[in-house]
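1. Let's see this in three dimensions:
(one chain, ligands or ions: 1)
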Amino acid sequence: MQITILNGPNLNLLGTRQPEVYGSTTLQDIETMCAAKAEALGASITFHQSNHEGTLVDLVHEARTTSAGLIINAGAYTHTSIALMDAVASVALPCIEVHLSNIHARESFRHTSYLSPVALGLICGFGAKGYELALEGLVAHLRKDRS
Ligand code: DQA
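-> Model prediction:
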């Protein structure tokens, strides 16, 4: 079972970017954690980061033929990108939206997510651990295990 994990703008700077908000874990650390978690769950991942909206749209399209589901931290595009929302809706893959921070406890412009209406679920506020939680939830959903 292949899962595509996508990361949006500025997430390449994790580790040094506002550590008081996002923690000190790097994106490379998160990729390593996700690969180990996926293996423990009997799945595998492809992991990408891009600062470009169109590239993220292309990667969602690509997942249609390679993956059983999506995990997306779209960064600031969460709050702005109708294109990314349409891409997720178009490929009809189950998608878990992830944020390191609790977007609902922050500035009001972060309270709107264009991805939430097309996502299976949302995990936010648990830092890097949220990616592992998303993998668990998505794999259980794909295996139809709702216990
Ligand atoms: C974020 C939250 C977004 O509001 C912000 O623009 C990010 C990171 C998070 O993981 O908490 O870039 O998606």
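2. How about the one helix or strand in the chain whose mean pLDDT sits lowest, which residues are buried there?
-> Lowest on mean pLDDT, DSSP states H and E among the helices and strands of the chain sits helix 19-22, with a mean of 93. By neighbour count with 16 or more other C-beta atoms under 10 Å, helix 19-22 contains the buried residues Tyr22. (Each C-beta comes from the backbone N, C-alpha and C, glycine too.)
3. do stretch 97-111 as well
-> Buried-residue list, stretch 97-111, by 16+ other C-beta under 10 Å: Glu97, Val98, His99, Leu100, Ser101, Ile103, Arg110.
4. Contacts for it next, please.
-> Residues outside stretch 97-111 that contact it (C-beta atoms under 8 Å, 6 or more residues apart in numbering) are 14, 21-23, 71-74, 78-79, 113, 115-116, 119, 121-128, 130-131, 134.
5. which among these are in contact with the ligand?
-> Among the contacts of stretch 97-111, proximity to the ligand is found for Asn73, Thr78 (C-beta under 6 Å from any ligand atom).
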